[in-house]
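Peer 1: Need a 3D model of the following:
(2 chains)
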Amino acid sequence: MELDKSYVEKLLKLYEEGETTLEQERELKSYFSSENYDSEFAAYARLFQFFEKESTSQSPPLQTKAKKTRYPFWINIAASICIVLGGVWFYDFYQDQQELEQARLAFETTQNALNFLSINMNEGLEKLEYIEVFSQQKNKLIK
Amino acid sequence: MTSEFYAQHVIPLQDKIFRFSRRLLSSEDAAKDATQEVLLKLWRLRKELAGIKNMEAYAMTMTKNMCYDVLKSKHSKTLELVHSNYAGQTSSLSSEIEARDEVNLVAKFINELPEQQRAVIQLRDVEQFTNKEIEEIMDMNSTSVRVALSRARKKIMSELKKTSAYGIG
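Peer 2: Below is the predicted model:
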């Protein structure tokens, strides 16, 4: 669009004062959207080209996501307390378990030891039977 | 019936709502959330919408309020909103790189304006609302709309002229 330079100048002045009508602003916009504006107005061209570009920019698609649920502030505290309590409980449980295991082990070792002892004892007792026989025979002879 | 009205009159406003909240919140993600909230709110109100004369202005007012609420809550949590590409950086290298991107440059200058001027210039120069509608949306009188608009435009132009005087871009 060909506009007289002095006319454009006048419009720009009014524009800066906030006195232009929407119609006049549209005139300026279309003047600057063509490439043959006066190079003296290059700075204005940028501005109007920006407006042009901005006015056609579109909103990105919005997700129809559910509104973010806002948890009350104490939920964090509650969760941490749960975790700590859980930890303590598990530690206790584990300790108990460990103790039981140790007790069982001790019991088994003791049992083994006692078994061993009793086997040896029995062997010893077998030997003692000879003494029994000997004393019987001795009693027969001596009376 | 009401959902038809919603589809015809509200859904087409989504882009406008998004652009406006992006300008106010300076963040794509925050703008997306705000847009969603506004559309949801309008959906809940769909039965009453038929009685509204200027649906666009109504939606924009709602968007503005929503964004201001977001900004307020961010401030009260002393969280700085992250400006999309240019979080108040002063490094000369990055600003030079930025300067090559002309669109970014204008956006940067707009985002450096005070909230109200940003909103007004967006509504007027991008969305082409009339001053009357802007008064209604922003709850301002006609003089303050014109003054805000003029200040915003002058500020941006002086910044733009400064950068071209340095021969960048």
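Peer 1: And for A:E25, the neighbour number?
Peer 2: 18 (other CB atoms under 10 Å in any protein chain shown). C-beta coordinates here come from the backbone N, C-alpha and C atoms, glycine included.
Peer 1: Find me the pLDDT at it, would you?
Peer 2: A:E25 carries a pLDDT value of 94.
Peer 1: Over to A:G124?
Peer 2: On the pLDDT scale, A:G124 gets 84.
Peer 1: Spell out whether stretch A:20-31 and chain B are in contact.
Peer 2: Yes. Under the criterion of CB under 8 Å from any CB of the partner chain, stretch A:20-31 makes contact with chain B via A:22, A:25-26.
Peer 1: Which single one of the residues you listed is nearest to chain B?
Peer 2: A:L22 (5.8 Å; CB to the nearest CB).
Peer 1: Grab the nearest non-local neighbour of that closest one.
Peer 2: B:Q128 (5.8 Å; CB to CB, 6 or more residues apart in numbering or on different chains).
Peer 1: in which helix or strand would I find B:A148?
Peer 2: Using DSSP states H and E, B:A148 sits in helix B:142-165.
Peer 1: helices or strands next to that helix in the packing?
Peer 2: Contact here means 3 or more CB pairs under 8 Å, 6 or more residues apart in numbering or on different chains; DSSP states H and E; on that basis helix B:142-165 packs against helix A:5-17, helix A:42-56, helix B:102-111, helix B:115-121, helix B:131-138.
Peer 1: and the second one with helix B:102-111, angle?
Peer 2: Right, the one you point to is helix A:42-56. Counting by axes from the mean of the first three to the mean of the last three CA atoms, to 10 degrees, helix A:42-56 lies at 90 degrees to helix B:102-111.
Peer 1: Where does A:F90 sit: helix, strand or coil?
Peer 2: Per DSSP: H, G, I helix; E, B strand; the rest coil, the local secondary structure of A:F90 is helix.
Peer 1: what about it, distance to chain B?
Peer 2: Distance of A:F90 to chain B, given as CB to the nearest CB, to the nearest Å: 38 Å.
Peer 1: That residue: how many residues sit nearby?
Peer 2: Neighbour tally, A:F90, other CB under 10 Å: 10.
Peer 1: Identify the residue nearest B:R146 in space, chain neighbours excluded?
Peer 2: B:R146 sits nearest to A:G18 (CB to CB, 6+ apart), 4.2 Å away.
Peer 1: OK, contacts around that neighbour?
Peer 2: Under the criterion of CB atoms under 8 Å, 6 or more residues apart in numbering or on different chains, the neighbours of A:G18 are B:145-147, B:149-150, B:153.
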